[in-house]
Every structure is written in structure tokens, then in C-alpha cells.
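Trainee: mind looking at a prediction? Sequence and model below.
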Amino acid sequence: TQGRISQYEMAFRMQASVPDLTDLSNEPKNILEMYGPKVTQPGSFANSAILARRLVERGVRVVQLLHRGWDQHGNLPTEIRAQCKDIDQASAALIHDLKARGLLEDTLVVAVGEFGRSPERGVSTSGNGNSDDGRDHWPYCYTSVIAGAGIKRGYVHGKSDKTASAPVDSPVHPAQLLATIYHAFGIDPETIVYNHLNQPRELVKGQAVTELFA
């Protein structure tokens, strides 16, 4: 009973803190402009980015931002420009804002999707079909961006072939990326945890990419 009461009280504190969290009226004009023209538009990526900084300031340990609509089986040239415009300025602003407040050294920022796009028109891997100006799913080669928490600045790890069809140097498996995240948190990726049946399991089967760290 005491545990349930504690959970209800924590839920109330979380809900009660939302109005102050989402009120951007006390943010300086230059900070709002840094995130972009959509920063005060609820649901926009820019608005989510500045709220992410405010959550980190308040001690929230994990924050996830989601930007939908990258499944461009058609009209890729137009859509990719619009989507990059949505996230580029706000993402850069978030990293700059965290650094300016002394938060970036303890915060790991990871920008990644679950797959890339096929390098050629007409290539189909998912069976969804593509128009001439679209691309299909492509899990064989894609990129992530990582910043903060001791990650080297301006460092590029790995290399693809000239068409971005496949990695040709220092490929990183998703399990390695997860292990790298654990490493940044000071958690050994090989730590053994136990499931609901008390069976031992490794956190992740992959080695951290330590070359990323300064």
C-alpha cells in the first residue's frame, strides 16, 4: 500500500510540474530564435528540443525526441529537405544550449534512425515499392550522430563506399552503438542482469566503440 501511495504521489508531482516546464515565456528571445521559428509551436521538433533541454535541467535522466515521416518511398527530394529543415537548426541549438549551460559534458545526445534509404531508385528491399523519386528501406548502411559525454568533437568514425550502399571501413553494428551508450553512462555492457525467470542475460552482445571518446 505504501508503495502504491508513493507511485501516486510521484505521478502527481510529475503532472503538476508540466505547466512550468512547458511555459517558455521566461526564455530569452535569443534562445528562442536559436531553436528556430517553430520553437513555440507545440508538437514541432524545435519545441520538443527546447523542452528536452528544460527536462535535462530539471534532472530528467532520459529524454526521447521523435520526428516522424522519413519513410520516403516517393517524393524524397522535396520531403527530405523539409524534414532536415525541421531538425537541423533545433538539433544544433540543443547541443549548443546544453554546452553553454555546462550540461553537455554529462549528457549524451544520440540522433539515429532504424535504417537508411536505398542508394538507387528502383531498388526494393521491403516489397513496398517505390516511385522514381523515392527510396526503399536500407538497413545495410546508415549514419548516426553522437555528441556530449566525452565524445570527440568533429570526429568521423567509419566510411561507406561511394554510393553509401555498404560500409567499407570500421562498420558499427547497432549492438555496438548500444554498448557505446552504456559505456558513456559508466555501465559495463557485459553486465549480467536477471530476467523474470531469474535467468542470467548480458545487457548487450557488443563491444563499445571507445575510439569515439576523447
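Mentor: Sure, I can see it.
Trainee: list the buried residues for stretch 132-141?
Mentor: With burial defined by 16 or more other C-beta atoms under 10 Å, the residues of stretch 132-141 counted as buried are 134-138, 140-141. C-beta here means a position set from N, CA and C on the backbone, and glycine is covered the same way.
Trainee: ditto for stretch 43-53
Mentor: 44-53.
Trainee: which ones among the buried residues of stretch 132-141 map onto strands?
Mentor: Using DSSP state E, 137-138 are the members of the buried residues of stretch 132-141 that sit in strands.
Trainee: make a markdown table from the buried residues of stretch 43-53 and add pLDDT to it.
Mentor: A markdown table is the format used below for the buried residues of stretch 43-53 (pLDDT from 0 to 100):
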| residue | pLDDT |
| --- | --- |
| 44 | 95 |
| 45 | 96 |
| 46 | 97 |
| 47 | 97 |
| 48 | 97 |
| 49 | 97 |
| 50 | 98 |
| 51 | 97 |
| 52 | 97 |
| 53 | 97 |
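Trainee: what residues are up against the residue nearest the centre of the chain?
Mentor: Central residue of the chain (C-alpha atoms, centre = their mean): residue 111, 3.2 Å from the mean position. The neighbours of residue 111, taking C-beta atoms under 8 Å, 6 or more residues apart in numbering as the test, are 87, 91, 144-146.
Trainee: just residue 155 next, same as before
Mentor: Contacts of residue 155 (C-beta under 8 Å, 6+ apart): residue 212.
Trainee: got the phi and psi for it?
Mentor: Residue 155 has phi and psi values of phi -100, psi 130 when expressed as degrees, to the nearest 10.
Trainee: please work out how many residues are found near the nearest residue to residue 58 once chain neighbours are set aside.
Mentor: Leaving aside its chain neighbours, residue 58 sits nearest to residue 21 (7.0 Å; criterion: C-beta to C-beta, 6 or more residues apart in numbering). Applying other C-beta atoms under 10 Å, we find 14 residues neighbouring residue 21.
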